[in-house]
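In: My questions concern the predicted model and sequence given below.
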2 protein chains.
Amino acid sequence: MGKPLDEAGLDTIFRTARTYNGYTDQPVTEAEIRRIYDLLKMGPTSANQQPGRFVWCLSQEAKDTLADCAGGNNPDKIRAAPAAVVIGMDEDFHEELPWLFPHADAKSWFDGDPEGRKEHAFRNSSLQGAYFIIAARAVGLDTGPMSGFDHDKVNAAFFGDNPKVKANFISTLGHGDPSTIFDRSPRPDFDKFNTVR
Amino acid sequence: MGKPLDEAGLDTIFRTARTYNGYTDQPVTEAEIRRIYDLLKMGPTSANQQPGRFVWCLSQEAKDTLADCAGGNNPDKIRAAPAAVVIGMDEDFHEELPWLFPHADAKSWFDGDPEGRKEHAFRNSSLQGAYFIIAARAVGLDTGPMSGFDHDKVNAAFFGDNPKVKANFISTLGHGDPSTIFDRSPRPDFDKFNTVR
């Protein structure tokens, strides 16, 4: 058990943090990206699968490539953001389990079960996507996660050399500009979606 | 952008936090559960879908019911934990979008698309499951997430009155007992699963 976060910490990762549509001009550095990954990789995944595969787009060329795969208002947001990220998932993650999970022969649990691997890759890379959002906030950055994009196009543009890796979702990343956000959407009361037994 | 977390805060939510197999006798209270939910619900989901449906098992009867649905060593861990949680997902989440996402007619995006709803419910309830893990740690509790259980049995036992809600994963919850954890599994270097473009 760690020391509970203070009120400012809870604000930073959950309560006053927001999804941003635009950012200040302050760049995102590769050192910041490595710092985010070194935090998010500590978050738990089932049998330490770590199926998340991350492509960090810092160059305008990479952001433009991703923007060309996105729909609605997303292309403009991606082009203008200091950075963008593709959160991918490796559906052959089990090949890495002999070193990622040395306690047991976890690879054998997934050999010959491509449907099971897809489900685990999707669940656990989504967990890692959430850890990415929280880790970015924890180090003072902001995100703009999106699922409105052409998955086939992103897969071809970013994971064409490894067709077992598929895009899960994408996000912008930077120092959020408060003028670009809307009113916060309503949040449910506890009794709406929770049961205590 | 919030105030970055200090080193102790980063330890609490990521670096020294661990998945626990067992807990101290200190109970988990309903007030703590409400505090966790009030944090996790602030985490972003696509179009504020909030598909997560949480059943918090505090009674021995509820924990025993969940334990009877689990495999491997999981039943003993669940019976002995101060609390357990079923993280469910509502595949008809779109029915709630008129009030959860008042900015647009988001319900119409999902009407008549049950496969798209399943994908969004799975991705976004997984994000919420990760927010649950981080929120529990942030208030000084520990978790033991698990995906080794019989989904049909959990669905029947906990969501039998609403068959559009399905179990995503489950977790124990309490104040972790350090004697119950193993050495931490290896974490990848940045260059293993990341690309900068």
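Out: Here it is on my side, so go on.
In: just the helices in chain A please.
Out: Using DSSP state H, the helices found in chain A span residues A:7-10, A:30-40, A:60-67, A:74-80, A:97-100, A:107-110, A:114-138, A:151-159, A:190-193.
In: quick one: average pLDDT of the second one?
Out: This points to helix A:30-40. Helix A:30-40 shows a mean pLDDT of 98 in the predicted model.
In: Would you point to the one among the helices of chain A that's packed deepest?
Out: Among the helices of chain A, helix A:114-138 has the highest mean neighbour count (mean count of other Cβ atoms under 10 Å in any protein chain shown), at a mean of 23. C-beta: built from backbone N, CA, C; applies to glycine.
In: Who are the contact partners of residue A:165?
Out: Neighbour list for residue A:165: A:53, A:88-91, A:155, A:159 [criterion: Cβ atoms under 8 Å, 6 or more residues apart in numbering or on different chains].
In: Please apply the same query to residue A:144.
Out: Neighbouring residues of residue A:144 by Cβ under 8 Å, 6+ apart: A:19-21, A:77, A:81, A:171-173.
In: returning to what we had before: could you dump the helices of chain A into TSV and include distance to chain B?
Out: Shown next, in TSV, are the helices of chain A (distance: least, Cβ to the nearest Cβ, whole Å):
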stretch	distance to chain B
helix A:7-10	5
helix A:30-40	5
helix A:60-67	4
helix A:74-80	12
helix A:97-100	6
helix A:107-110	10
helix A:114-138	3
helix A:151-159	8
helix A:190-193	5
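In: Could you point out which of these sits nearest residue B:146?
Out: Proximity of those to residue B:146 was assessed by Cβ to Cβ; the nearest stretch is helix A:114-138, lying at 11.9 Å.
In: residues contacting the residue most central in space within chain A?
Out: The C-alpha lying nearest the average C-alpha coordinate of chain A belongs to residue A:129 (Cα atoms, centre = their mean; 2.7 Å). With contacts taken as Cβ under 8 Å, 6+ apart, residue A:129 has the following neighbours: A:52, A:87, A:145, A:168-169, A:171, B:127, B:130.
In: most neighbours, which of the contacts of residue A:144?
Out: The most crowded member of the contacts of residue A:144 is residue A:172, carrying 29 neighbours; neighbours defined as other Cβ atoms under 10 Å in any protein chain shown.
In: So in terms of bridging, what pairs with the closest residue to residue A:33 other than its chain neighbours?
Out: By the measure of Cβ to Cβ, 6 or more residues apart in numbering or on different chains, the closest residue to residue A:33 outside its immediate chain neighbours is residue A:56, 5.0 Å from it. Beta-bridge partners recorded for residue A:56 (DSSP bridges): residue A:85, residue B:196.
In: and residue A:56, how many residues sit next to it?
Out: Burial of residue A:56, expressed as a neighbour count using other Cβ under 10 Å, amounts to 22.
In: max-length strand in chain A?
Out: Secondary structure of chain A read by DSSP state E shows that its longest strand is strand A:165-174.
In: quick check: angle from that strand to helix A:60-67?
Out: Angle between the axes of strand A:165-174 and helix A:60-67 is 120 degrees (criterion: axes from the mean of the first three to the mean of the last three Cα atoms, to 10 degrees).
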